[in-house]
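>>> got a sequence here, can you build the structure:
(one chain, ligands or ions: 1)
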Amino acid sequence: MWLSWSWPGPRGESRLMDLRKAMHTSALDVLSQAHGAENPSTVDVAGLVSDTREYVTALNDLLKQAGPAKFTYQGFLILNPLRLPDSVLGKVLDAVAYMVSLFKGRGVEPLLHEGLNAIQIGWLIGAAGYYHAQDKTIAFDASTSASGSTMLKNFVHEVLVHEFGHYVHMTYLSPAGKESWESGWEYVDQARSAVEERVFVTSQDRHRFFGMIERSGWSPARAGKGLKGLDRLKYLMWLYKTQGNPVTSTPQQVRLTDYGRDVFSFFANPDRYRSEFAEANGPEKAERMMERRERTYKGNLGLTSYYDGKNYPLLDEDTVGEIRSSDSTVDDALDALGIPTTYGRTNVKEDFAETFVLFMVNPSALSEQARLRMGRALWLSGFTGKPVMRLSALRVASRWAARTAGLLEPPPHGAGQADFRGRGSLFAPTTTPSLRGRYRQFPELGPSLPCST
Ligand SMILES: [Zn+2]
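Coordinates of the predicted model:
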């Protein structure tokens, strides 16, 4: 069972599965013959025997291919708990070798060993890889194939470098480097929250609407008369889709439900409720009941402190779609970042991981913005591998970063390769100990970062 489930994976059609099915059919055939037979020796079992043989042979062939469960390769632990065969191991080892030579070529190989202990191969759901910060492990999905890449020729290579990019972002970057990277996304976040405010009823909206109702003498219908356009839609949606969902009004116009009438008459005539409660439960209890009732009603309307800062409810689907499609501010803000792939536009983390891949492999393929942003974030973190420094864009970025951040003296004008080489590689003593001492820190390990690549 384990074998047929694992090999060649839950997603592929397996020859073993086919053989098993054939064997099963033959067995049923034998059983049905035997059922009506007077003499069991007349039952033809040749088909079942040959199907079983074929199945066992295929099974043994597969077992011979079973890969080791655990071994090391180029200093990394390769975990293969499902004993997947060489065809799977081969692509992973190839990608490891690729990463090692890539980092070596950039003079930052120690970084690779610092951020990565192991690669665990298995079947992942909805992702080609994950980086687990706690045990510095990349989980790799065995079904990932070399094709279908967005940046590199080999997608398996891309996945591993991308996952390692998450380590660099979350753990390696110094606080200054991280802040520098994340500052690029401020405009995206601003644009996103501005759209959120348009498609959701904000806490501010809700308090404003409630104030209007109060001033109207507790008549939601009267209060809603002056509202137009988007504001009116929000008002109606607020009364219709309250928190916890006891509907107070119909969606198209202000027509209170029984519950809604109760809510607003409570605010309009608290004394009536108080005396009703007192009559039934005594004056002391009545006060507590009043408080509880007010909290419930205000909670339903999203007015208690619990809902402060929360945007709720969402406008209807059509309106939301219309607002989103007519608003290009988020896209514009993302465009300005020069992110290399669509996937990188998901969030600040995927942006880093995707940009990191090209920065390491082929920085000239990056947009100028992305190259500068990455160069600056890494430079502020003391990422001074020699060959990386050969990249002119990074030299520009580091000079600029030094000037704007005011942390270090800028490198002398006309500083060439030799100057940067003089700084040493990542973990060698450096000519700028102040930078290393102050900024090269390792923040606490974060949680694992799921991502589809
Ligand atoms: Zn990712």
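>>> what's near enough to touch S149?
155, 158 (C-beta atoms under 8 Å, 6 or more residues apart in numbering). Every C-beta, even on glycine, is put in place using the N, C-alpha and C of the backbone.
>>> how far is the longest helix seen in the chain from where the chain is centred?
The longest helix of the chain (DSSP state H) is helix 15-36. Chain-centre distance of helix 15-36: 46 Å, with C-alpha atoms, centre = their mean, to the nearest Å.
>>> kindly report the same for stretch 162-174.
15 Å.
>>> so does it get close to the ion?
No. Residues of stretch 162-174 are not located near the ion by C-beta under 5 Å from the ion, the shortest gap being 5.6 Å.
>>> begin at 43 from here
Sure, I'll start counting at 43 from here, so that last one is stretch 204-216.
>>> end-to-end on that stretch?
Stretch 204-216 has an end-to-end distance of 19 Å (C-alpha to C-alpha, to the nearest Å).
>>> using PDB, list the CA coordinates for the next helix or strand after the longest helix of the chain.
Downstream of helix 57-78, the next assigned helix or strand under DSSP states H and E is helix 88-107. Presented in PDB, the C-alpha positions along helix 88-107 are these (Å, rounded to 0.1, in the frame of the first residue of the first chain):
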ATOM      1  CA  ALA A  88      -3.800 -19.000 -15.500                       C
ATOM      2  CA  GLY A  89      -4.800 -15.300 -16.000                       C
ATOM      3  CA  LEU A  90      -4.600 -14.600 -12.300                       C
ATOM      4  CA  VAL A  91      -1.200 -16.400 -12.000                       C
ATOM      5  CA  SER A  92       0.300 -14.400 -14.800                       C
ATOM      6  CA  ASP A  93      -1.100 -11.100 -13.700                       C
ATOM      7  CA  THR A  94       0.200 -11.700 -10.200                       C
ATOM      8  CA  ARG A  95       3.600 -12.600 -11.500                       C
ATOM      9  CA  GLU A  96       3.700  -9.400 -13.600                       C
ATOM     10  CA  TYR A  97       2.700  -7.400 -10.500                       C
ATOM     11  CA  VAL A  98       5.300  -8.900  -8.300                       C
ATOM     12  CA  THR A  99       8.000  -8.400 -10.900                       C
ATOM     13  CA  ALA A 100       7.100  -4.700 -11.300                       C
ATOM     14  CA  LEU A 101       7.000  -4.400  -7.500                       C
ATOM     15  CA  ASN A 102      10.400  -5.900  -7.200                       C
ATOM     16  CA  ASP A 103      11.800  -3.600  -9.900                       C
ATOM     17  CA  LEU A 104      10.500  -0.600  -8.000                       C
ATOM     18  CA  LEU A 105      11.800  -1.800  -4.700                       C
ATOM     19  CA  LYS A 106      15.300  -2.200  -6.300                       C
ATOM     20  CA  GLN A 107      15.100   1.500  -7.200                       C
END
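>>> remind me what helix 88-107 packs against, helices and strands.
helix 44-48, helix 57-78 (3 or more C-beta pairs under 8 Å, 6 or more residues apart in numbering; DSSP states H and E).
>>> what's next to whichever helix or strand comes after that helix, contact-wise?
Downstream of helix 88-107, the first helix or strand assigned by DSSP H and E is strand 112-115. By C-beta under 8 Å, 6+ apart, the residues outside strand 112-115 that reach it are 119-122, 135, 138.
>>> just checking: what are the partner strands of strand 112-115?
strand 118-121 (antiparallel) (DSSP bridges).
>>> domain ranges for the protein?
Following the assignment in automatic domain parsing, the chain carries domains at 44-107, 112-214, 243-355.
>>> grab the nearest non-local neighbour of the closest residue to the ion within the stretch 343-492 of the chain.
Relative to the ion, the nearest point of the stretch 343-492 of the chain is A395 (4.5 Å; C-beta to the ion). Nearest non-adjacent residue to A395, counting by C-beta to C-beta, 6 or more residues apart in numbering: G207, 3.6 Å away.
>>> and P475, what's its pLDDT?
Among the per-residue scores, P475 holds a pLDDT of 29.
>>> the one 10 residues further on now?
The score at P485 is 30. That number is its pLDDT.
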